[in-house]
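**Student:** how would this look folded up:
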Amino acid sequence: MKRYAAIPGALLLTAAFVRAATSARWDELGISLAAGGATVVATASVWNWREIIEWARDPRGVFAVTTGIAVAVIIALLVMLNIAASYHPWSVDLTAAGRNRVSATTLTFLEQLDTDVTLQQFGRTSDPVVEQILQGFARASHRIRVEFVDVDRDRDRATRIGVVRLGTVVVVAGEKFRKVEDANEQALATAILQVTTDAERVVCFVTGHGERGLGDAGAQGLSLLAATLAASNYATDRVSLLEGEVPHTCTALVIAGPQQQLSDAELNRLRDYFLEKRGRIALLLEPDPAPSLDAWLGPFGVRPEAGSVVDTSGAGRSVGGGPRTPLALRYVDHPVTRGFEIATIYSGARPLATDDRPSSGAKTTGLAQTGPRSFATVSADLEPALEEGDIPGPLTLATAVTLGPAASGNDARLVVFGDADFVSNAFLRRQGNRDFFLRSLSWLMGEEEATIVAVDDRQNRRIELTERVRAWMYIVNLGVLPLIPLIAGLIVYARSRR
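**Tutor:** Sure, this is the predicted structure:
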């Protein structure tokens, strides 16, 4: 019994060193384990000092000591290598397209960071795919630190930030933060740019014509949108075009579902803001009898159509809606939609048409479109059929307009939506509505992802396996390969019998 007294101490020391090696740090538990193990080993050594001296004089004891020292040195080297790798991580990307490393443009951007940034992944367990992306950012800049937050243990922090989806990454710099629910290089780089920029972004909402209210908590209100903007570090303000010009503090102007026509004076002020001040406007329309602002939009290549969109494909029903709640399933390449592939749902949407050559010289791009089994009708029936005079799909539900040289950053930008319900409390969190609107705002304010990184050209090389190739792989893996050790064993056995 006496000679085995040191075994518990050795086990405690081993546990302490393994814990330190895997976590690359000595925490309270690791130090306690090491101290307890050392105390047990020291006590056992004093208790067995005569046996230790006799054992050390034995050649077998000397061999055991030298072997133990060699093992300890190897373990120490492994621990040191593990700690060094933790503080100075290194990896090699062998893919031809470089899909597993940060792009050169993002790398240049990260190397210029002068602010400490923390990338916090929220979840119950760390997502290895997201973790790989985050560690790639951390390797690219010493200013970036990666942290995992267990939502069960730190529920207060998740609630305070507004994290509702596991796997969300929160980018934090000082008091500013941005939530990224779909973590990818573009979204993370954009979020880092936003939290490290000192300029305050103010989203102004026009009032006075029955627009949706930021403080309205009802189904048609925008209280959830206001909370989302606040969580994204956007300030909000209410402005009235009846009282004067658009304030210079507004980074972007939102007109959310006006129910009454704007006066000529207001339209002139809106035109001056857009043309003279190179303003950034998000206009959310509603079907008739709400005003279409077609006279104001016409010179910029946007033509709101009469009626509302009906989708008979059943896509709306599949997400709890109906024919009057169409889904946008197709997106045209644009900085707003680049990399965005989530359907968006609308309710009672007005179709939008675009002109290729508007009189103002603006560039117009239809962003979101319905499927081919949709059409626009003026019928008030709940489930109308396509009739003569209706406009067949696909139909455009969102359009982006650019006026002026975009490269200089001094261009006017406009995004027109055929629906205001899709950002209301009833629809904001459904499908990709929230992300689509935030991406539109980001583009309006000049924070588009395409100016930060360009990773879309990377090829994802795949090997297409034909049925014949798959059959041969099945035969080789399950038939031929298992026979190799069996045949080798039979050969060895046959030779041993000679």
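
**Student:** can you tell me how far the closest residue to D27 other than its chain neighbours sits from G9?
**Tutor:** Take D27 and drop its neighbours on the chain: the residue closest to it by Cβ to Cβ, 6 or more residues apart in numbering is R19, 7.8 Å away. (Glycine included, C-beta is placed from N, CA and C.) Here the criterion is Cβ to Cβ, to the nearest Å. By it, R19 lies 16 Å from G9.

**Student:** go on, T344?
**Tutor:** Distance of T344 to G9, computed by Cβ to Cβ: 63 Å.

**Student:** Between those two, which has more neighbouring residues?
**Tutor:** The neighbour count for T344 versus G9, taken as other Cβ atoms under 10 Å, is higher for T344 (26 against 19).

**Student:** Cross-check the contact I'm expecting between that one and G432.
**Tutor:** Yes - proximity of T344 to G432 meets the contact threshold set by Cβ atoms under 8 Å, at 5.1 Å.

**Student:** Identify the contacts common to those two.
**Tutor:** By Cβ atoms under 8 Å, 6 or more residues apart in numbering, T344 and G432 have no common neighbours.

**Student:** Local confidence estimate at V206?
**Tutor:** You'll see V206 listed with a pLDDT of 93.

**Student:** Look at it and say how many residues are nearby.
**Tutor:** For V206, the count of nearby residues is 23 (other Cβ under 10 Å).

**Student:** Then V336?
**Tutor:** Using other Cβ under 10 Å, V336 is surrounded by 25 other residues.

**Student:** Next, it: phi, psi?
**Tutor:** Per-residue torsions, V336: phi -70, psi -40 (degrees, to the nearest 10).

**Student:** And the nearest residue to it once chain neighbours are set aside, which helix or strand is it part of?
**Tutor:** Among residues not flanking V336 along the chain, W443 sits closest, at 4.7 Å (Cβ to Cβ, 6+ apart). Per DSSP states H and E: W443 is located in helix 433-444.

**Student:** Just the residues contacting that helix, thanks.
**Tutor:** Defining contact as Cβ under 8 Å, 6+ apart, one finds that helix 433-444 is touched by 181-182, 190, 194, 203, 225, 228, 232, 234, 252, 280-282, 334-337, 340, 342, 344-345, 367-368, 398, 400, 413, 415, 422-423, 427-428, 448-449.

**Student:** Could you rerun that using 7 Å?
**Tutor:** Helix 433-444 has contacts (Cβ atoms under 7 Å, 6 or more residues apart in numbering) with 190, 203, 228, 232, 252, 280, 282, 335-336, 340, 342, 344-345, 413, 415, 422-423, 427-428, 448.

**Student:** Find the nearest non-adjacent residue to T337, please.
**Tutor:** Nearest non-adjacent residue to T337, counting by Cβ to Cβ, 6+ apart: Y331, 3.9 Å away.

**Student:** and the one you found, how far is that from G432?
**Tutor:** From Y331 across to G432, the span is 10 Å (Cβ to Cβ).

**Student:** what do the two both touch?
**Tutor:** Common neighbours of Y331 and G432 (Cβ under 7 Å, 6+ apart) are F340.
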